[in-house]
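1. show me the folded form of this:
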Amino acid sequence: MDLATITASGLLALLINVIGAFWIKERLRQSIKYEYDQDLAKLKSHLDFELDKKKRLYEGKLAQYKKYFALMDSYSLEQRRALMDGFQEGIFKILENPSTENTIEYIKKTLSLQNDISDKFLMFKNEMNGLRLEAGEPLLELIESYVSALEKVQERTVSFLNWMNQSATTFLAQPDAAQQKVQEFMQEEASGEAQELIGLQEQIFREMRRELGIV
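-> Below you'll find the predicted structure:
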């Protein structure tokens, strides 16, 4: 075997080794890239799922907080309107026409109003308990304080209606005294526990925003 043949064989072997090494290296690179792409796709899918999950949880919590805050607003407004409409009309009828029929009708309406106020408060209280599934501890404490203050207002309202019911005949003999009593109740209604409720509702609103990450 001459030198040229040996040299050619050596170069061929070297070329084969180089090509083989390159092929192995390229296959390894492709394998690593494939695994990397697979891992990256899995990570992206996981992150997308988590982001979507957090988005749905956030939107659900936001909807719940809007619902409960609107419930507090509507409950206070409806109860106040029911109270005013319920006993004022009966008082005016008695003062205009102090008949036995009007007095009995007034007593019936007042008793019905007392029961209605108590029943609606229990419904409101039970519905607000649904917040326990969503709210954090600070918000729950504010809700507890709000419901407790509202319960005091409800008790005082029912007590006032009971007094109005028992004093129906007094309105006929002393209409000015009855009117004074009503005005005193209205003034107390706008202060004390009522102001506390307004303050607590504002705190609840701010805490809801804080939990939702709204500045």
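2. ok, and for the host helix or strand of T157, which residues are buried?
-> Per DSSP states H and E: T157 is located in helix 137-166. Counting neighbours by 16 or more other Cβ atoms under 10 Å, one finds that the buried residues in helix 137-166 are 139, 142-143, 145-147, 149-150, 153-154, 157-158, 160-161, 164-165. (C-beta placed from N, C-alpha, C; glycine too.)
3. what are the ranges of the strands in this protein?
-> Under the criterion DSSP state E, the chain contains no strands.
4. so how far is T100 from D85?
-> Distance of D85 to T100, given as Cβ to Cβ, to the nearest Å: 23 Å.
5. contacts for stretch 116-132 next, please.
-> With contact meaning Cβ atoms under 8 Å, 6 or more residues apart in numbering, stretch 116-132 is reached by 64, 68, 71-72, 75, 78-79, 82-83, 139-140, 143, 147, 150-151, 154, 157-158, 161.
6. what's the average pLDDT for it?
-> Mean pLDDT, computed over stretch 116-132, is 84.
7. just stretch 62-77 next, same as before
-> The model assigns stretch 62-77 a mean pLDDT of 83.
8. one more: stretch 93-107?
-> Here the average pLDDT along stretch 93-107 is 75.
9. what residues sit buried inside it?
-> Within stretch 93-107, the residues that count as buried by 16+ other Cβ under 10 Å are K93, I94, N102, T103, Y106, I107.
10. residue contacts, the closest residue to K109 other than its chain neighbours?
-> Spatially, and ignoring its direct neighbours in sequence, K109 is nearest to G90 (5.2 Å; Cβ to Cβ, 6 or more residues apart in numbering). Neighbouring residues of G90 by Cβ under 8 Å, 6+ apart: N102, E105, Y106, K109, T110.
11. measure G90 to L161 for me?
-> Separation of G90 from L161 (Cβ to Cβ): 11 Å.
12. with E155 instead?
-> Counting by Cβ to Cβ, the gap from E155 to L161 is 11 Å.
13. follow-up on the earlier one: which strands or helices does the helix holding T157 pack on?
-> In terms of contacts (3 or more Cβ pairs under 8 Å, 6 or more residues apart in numbering; DSSP states H and E), helix 137-166 is packed against helix 3-96, helix 100-128, helix 175-189, helix 193-212.
14. mind redoing it with 10 Å?
-> Under the contact criterion of 3 or more Cβ pairs under 10 Å, 6 or more residues apart in numbering; DSSP states H and E, helix 137-166 touches helix 3-96, helix 100-128, helix 168-173, helix 175-189, helix 193-212.
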